[in-house]
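Visitor: Curious how this folds, go ahead:
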Amino acid sequence: MHTMTLPTKIKEIKREWHLVDVGGKILGREGTNIAQLLMGKKKPYFSKNMDCGDYVVVVNASEVKLTGNKEKNKIYTNYSGYPGGLRSRTAAEVRTKKPEELITHAVGGMLPHNKLRDKMLSRLFVFAGVEHKYEDKFVNQ
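Guide: Predicted coordinates:
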């Protein structure tokens, strides 16, 4: 008698809330942990074709570390689609204007590039400081 692993159903997926403090930690190393939480890879019912991930709240994004000379050499580019619309900023400039974008950009690049990516990123909430508006989600944990 052979038993078969049953596929995961949407109603079986349980989403949890995780609070991640990245203050003083390396961006890439913490980004992989956050991406795994968003995908739900550590769950026993993980499936690549389903969105099994959890909610992640990241605090202290302005204090995340970049190794080496990435602070001044790493360049974030954005193109508007219009002639002359290429905008380039260093990691230091991004940190001063929108430190949340450092985390979002890094984690977004680590997620699978498919239709589920936007859903996963919508469950990522990044804050520059310690204060966030999801305190009530962590009461029971």
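Visitor: From Y55, how far off is the residue nearest in space to the middle of the chain?
Guide: Nearest to the geometric centre of the chain sits V107, at 4.0 Å (CA atoms, centre = their mean). Distance, V107 to Y55, by CB to CB, to the nearest Å: 13 Å. In short, each C-beta sits where N, CA and C put it, glycine included.
Visitor: repeat for A92
Guide: 30 Å.
Visitor: these two touch, right, H105 and Y76?
Guide: Yes: if you go by CB atoms under 8 Å, H105 and Y76 touch, sitting 6.6 Å apart.
Visitor: on that earlier part again, more neighbours, A92 and Y55?
Guide: Neighbours were tallied for A92 and for Y55 using other CB atoms under 10 Å; the higher tally belongs to Y55 (17 against 14).
Visitor: hang on, K43 packs against L37?
Guide: No: K43 lies out of contact with L37 (CB under 8 Å); the separation is 9.9 Å.
Visitor: between those two, which one's more packed in?
Guide: A count of neighbours by other CB under 10 Å puts L37 above the other of K43 and L37, at 23 against 18.
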